[in-house]
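1. model the following, please.
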Amino acid sequence: VQLQASGGGLAQAGGSLRLSCAAPGFSLGRYAIGWFRQAPGEEREGVSCITGSGASTYYADSVKGRFTISRDMAKNTVYLQMNSLEPEDTAVYYCAAKLPLRNYSYWGQGTQVTVSS
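-> Alright, predicted model coming up:
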């Protein structure tokens, strides 16, 4: 299974981007989806995740109040709306899928987000 992360790009500080995570031909309905990011020279960090039902979400403190995760079951896609972007948000963003009580087992290829000051 190959997840496809898209929507990255260049934004100015204070701007917005929306990332998408899709899995053509594979149903994400039962899977929790997480967004992670990795900046150059830094370790990968968890940004946000959403349960399979969409009922529960999690945000890292660094993005709380600025990012919103959601999922569209009909489109089999998970979104990460990123508002009030900061230069510190610059990183490659990855989405990943997991079943309950399991580790993340499917990963996307990453999409670059660059925020200029």
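
2. for the protein, what spans make up the strands?
-> Ranges of strands in the chain, per DSSP state E, are 4-6, 9-12, 17-22, 32-38, 45-50, 57-59, 67-72, 77-82, 91-98, 106-107, 111-116.

3. next, the buried residues of the first one.
-> For strand 4-6, burial by neighbour count (16 or more other C-beta atoms under 10 Å) applies to 5-6. Every residue, glycine included, has its C-beta placed from N, CA and C.

4. over to the fifth one?
-> The neighbour-count criterion (16+ other C-beta under 10 Å) identifies 47-50 as the buried residues of strand 45-50.

5. what residues does stretch 30-37 touch?
-> Residues from elsewhere that reach stretch 30-37 (C-beta atoms under 8 Å, 6 or more residues apart in numbering): 19, 21, 44-52, 69, 71, 78, 80, 89, 91-100, 104, 106, 113.

6. touching, residue 15 and residue 113? I think so.
-> No - with contact defined as C-beta atoms under 8 Å, residue 15 does not count as touching residue 113 (10.6 Å).

7. was I right about residue 112 contacting residue 7?
-> No - judged on C-beta under 8 Å, residue 112 makes no contact with residue 7 at a distance of 10.4 Å.

8. when the two are compared, which one has more neighbours?
-> residue 7 (16 against 12; other C-beta atoms under 10 Å).

9. now the phi/psi pair for that one, please.
-> With angles defined as degrees, to the nearest 10, residue 7 sits at phi 100, psi 0.
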